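A.B. asks: Quick one: sequence and predicted model below, then my questions.
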Amino acid sequence: MGFFGKKKPPPDQDAIWLYVQCDNCGEKLRIRVDRRYDLQPHPEGGYFLRKEMMDGRCFRLMYGELRFDRDYNILSQELSGGHFITKEEFDAQE
Ligand SMILES: [Zn+2]
């Protein structure tokens, strides 16, 4: 009496993908952020994230700071050492 299809793994609902590019060498990175573990509640509501990222070419650290609303939409984003790009820009490489 079947719960068929239960074997299918759930989609990666906790993931937020960030796309960044290193200002030093131009390397593009895709960063997975986990809603449950990486985000912290912001005192004014929503969430915030501080994240260090490093590309595999020049190994320079980039520091990202992002704010999200309670529905995980990005309200603001800053990145030192690099800049944010779109998924389309990321996919366009090579
Ligand atoms: Zn780099």
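C.D. replies: It's in.

A.B. asks: And the helices in the protein?
C.D. replies: For the chain, the helices defined by DSSP state H occupy 87-91.

A.B. asks: Kindly report the residues of it close to the ion.
C.D. replies: When proximity is defined by Cβ under 5 Å from the ion, the chain lies next to the ion at 22, 24-25, 27, 55, 57-58. Any C-beta I mention is one placed from the backbone N, CA and C, and that applies to glycine too.

A.B. asks: in this protein, which ranges drop under the pLDDT threshold?
C.D. replies: 1-8, 93-94 (pLDDT under 70).

A.B. asks: and Gly82, bridged to which residues?
C.D. replies: Cys22 (DSSP bridges).

A.B. asks: I misspoke; the intended subject was Pro41.
C.D. replies: With DSSP bridges as the criterion, Pro41 is bridged to Tyr47.

A.B. asks: try Phe68
C.D. replies: With DSSP bridges as the rule, Phe68 is bridged to Tyr47, Ile74.

A.B. asks: contacting residues around it?
C.D. replies: 39, 42, 46-49, 74-75 (Cβ atoms under 8 Å, 6 or more residues apart in numbering).

A.B. asks: center of the chain - which residue?
C.D. replies: Leu18 (3.0 Å; Cα atoms, centre = their mean).

A.B. asks: got a list of what that residue touches?
C.D. replies: If you count contacts by Cβ under 8 Å, 6+ apart, then Leu18 has 30-31, 33, 51, 64, 66, 84 around it.

A.B. asks: Since that was my last question, I'll sign off now.
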